[in-house]
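J.: sequence and predicted structure are below.
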Number of protein chains: 2
Amino acid sequence: MTDWNLPPDEIEKRSFAIIDSEAGNHDWPPDAWTIVRRMVHTTADFEYVGSVRMHKDAISRGCQAIRSGCTIFTDTNMARSGISARRLAPFGVKVECFMADPGVAELARQNDTTRAVAAVDAVLDRLDGAIYVVGNAPTALLRLVERIQTGDARPALVVGLPVGFVNAAESKDAVAGIDYPYITALGRKGGSGVAASVINALADLCAKGDDHA
Amino acid sequence: MTDWNLPPDEIEKRSFAIIDSEAGNHDWPPDAWTIVRRMVHTTADFEYVGSVRMHKDAISRGCQAIRSGCTIFTDTNMARSGISARRLAPFGVKVECFMADPGVAELARQNDTTRAVAAVDAVLDRLDGAIYVVGNAPTALLRLVERIQTGDARPALVVGLPVGFVNAAESKDAVAGIDYPYITALGRKGGSGVAASVINALADLCAKGDDHA
């Protein structure tokens, strides 16, 4: 039955019930399922139930960072727009994106690299304890992996969800191969919307105290 | 072979070649395929090849509107962010989103409706010749369909791509059922990113003169 006048909370509740009933068997523990379920909710795509990979410390480190009022960097203004300011305001978290920054464009030209890579390098000295969200650029995610491996970047959490047919899957394989807090989804699918949804789900876990951090 | 240093243009070219080779048989004519292919590119999801529906006048009316420097209204700031300002600047097109407008919040309270519905009603007198992009809210899309059917709204084109498990598919069935320029995709999938990609593809068609408008 179509009911056009349902309040947003009720729509979300019904949506989650549908997802729970259609997701089939899976081994996600409750806190991780809060994240994966929101990714399915954002995309209407059950592939994420099987494709998501999370480092064992991803949720605890991500929630600690949010509770500490960390900065969240994104590789797209879409992801920045999709992250709920209302959910994050209580924690004093700021969300920043430098893709359109003139200094980043200049740095990219100087280093003959992409703006997405330059945007990572431009904030290296601010990454300690931050969260970096990649919803678009495989090169940004690979640069983060490189900088983490050399010890030059120490974010609390990397959310790596580039989408696409060239290098996206490879970049997510790379982040899933390091022993460092990450949330990703193998394969081609991803995007700014689903990347933002991961942060919104983490904020929900923080608000409810369900993250055991 | 992974090549991390490909320029963005080359990545797009390779991506489109992969999509063309994997899409299988379909009946989309070249101008419509430019749009559907970009939707697949944005989502890495080939379901759109079969689920997209376009009114016969959608491309010509959409391109006429863009060439006329129309206003594009979106139901999310994510969709607004995802629409390429660079692609639209040559046409003088402006993109606006009123979801966070205090007047819209007040109108929603007064009328006991959603902000997404109030955001449609708030711009009714500016919809003539405009494009309305719905990437999230089924209620916004249904309101547009109602207002078009009563003759109170006369946009050039409706891009209707709500995503989700409650009312999204129903709202897209509704827009696909009217004889009015629309672009939609049946079923649950959609979202702000793919909705924005439709506009970006239309802008490409306009720039190349491939729309036959």
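T.: The structure has been received and is ready for your questions.

J.: what about the longest helix seen in chain A, average pLDDT?
T.: Taking DSSP state H as the criterion, chain A has its longest helix at helix A:192-208. What helix A:192-208 shows for mean pLDDT is 96.

J.: how far is that helix from where the chain is centred?
T.: 8 Å (CA atoms, centre = their mean, to the nearest Å).

J.: verify the stated contact: residue A:90 with residue A:207.
T.: Yes. With contact taken as CB atoms under 8 Å, residue A:90 and residue A:207 are classed as touching, separated by 7.2 Å. In this view, the C-beta of every residue, glycine as well, is placed from N, C-alpha and C.

J.: hmm, who's touching stretch A:84-91?
T.: For stretch A:84-91, contacts defined as CB atoms under 8 Å, 6 or more residues apart in numbering or on different chains pick out A:66-69, A:72, A:95, A:196, A:199-200, A:203-204, A:206-207.

J.: straight-line length of that stretch, end to end?
T.: End-to-end span of stretch A:84-91 (CA to CA, to the nearest Å): 12 Å.

J.: any idea how far that stretch is from the chain center?
T.: Taking CA atoms, centre = their mean, one finds stretch A:84-91 lying 15 Å from the centre of the chain it belongs to.

J.: what's the answer for stretch A:72-84, then?
T.: Centre-to-centre, stretch A:72-84 and its host chain are 9 Å apart (CA atoms, centre = their mean).

J.: same thing with stretch A:19-29?
T.: In terms of CA atoms, centre = their mean, the centre of stretch A:19-29 is found 21 Å from the chain centre.

J.: in chain A, which spans are helices?
T.: When assigned using DSSP H, the helices of chain A occupy the ranges A:8-22, A:30-43, A:47-51, A:58-67, A:77-82, A:85-88, A:102-111, A:115-122, A:138-149, A:168-176, A:192-208.

J.: I'd like to know which of these is closest to residue B:42.
T.: Among the helices of chain A, helix A:192-208 comes nearest to residue B:42, with 9.6 Å by CB to CB.

J.: wait, doesn't residue A:37 sit right on residue A:20?
T.: Yes. Judged on CB under 8 Å, residue A:37 makes contact with residue A:20 at a distance of 7.3 Å.

J.: buried ones in the helix-or-strand element of chain A with minimal mean pLDDT?
T.: Lowest mean confidence among the helices and strands of chain A (mean pLDDT, DSSP states H and E): helix A:85-88, at a mean of 90. Under the neighbour-count criterion of 16 or more other CB atoms under 10 Å in any protein chain shown, helix A:85-88 has A:87-88 buried.

J.: again with stretch A:125-133
T.: Result for stretch A:125-133 [16+ other CB under 10 Å]: buried residues A:127, A:129-133.

J.: could you do stretch A:76-91 as well?
T.: A:76-83, A:87-88, A:91.

J.: is any residue of stretch A:99-118 near chain B?
T.: Yes. Stretch A:99-118 lies within reach of chain B by CB under 8 Å from any CB of the partner chain, at A:113-114.

J.: and that stretch, how far out from the chain's middle?
T.: For stretch A:99-118, the separation from the chain centroid amounts to 22 Å (computed by CA atoms, centre = their mean).

J.: with stretch A:161-170 instead?
T.: 15 Å.

J.: mind listing residues that contact it?
T.: The contact list for stretch A:161-170 (CB under 8 Å, 6+ apart) reads A:133-142, A:171-172, A:183-191, A:194-195, A:198, B:2-4, B:6, B:11, B:14-15, B:18-19, B:41-44.

J.: which ones are touching residue A:143?
T.: Contacts for residue A:143 (CB under 8 Å, 6+ apart) come out as A:116-117, A:120-121.

J.: next: residue A:129.
T.: A:65, A:68, A:70, A:154-156.

J.: what residues of stretch A:26-46 count as buried?
T.: In stretch A:26-46, counting by 16+ other CB under 10 Å, buried: A:31-45.

J.: and chain B, which of those contact it?
T.: Within those, those near chain B by CB under 8 Å from any CB are A:41-45.

J.: of the residues you listed, closest to chain B?
T.: residue A:44 (3.7 Å; CB to the nearest CB).

J.: what about the nearest residue to that closest one once chain neighbours are set aside, how many residues nearby?
T.: Closest residue to residue A:44 apart from its sequence neighbours, by CB to CB, 6 or more residues apart in numbering or on different chains: residue B:188 at 3.7 Å. When counting by other CB atoms under 10 Å in any protein chain shown, one arrives at 20 neighbours for residue B:188.
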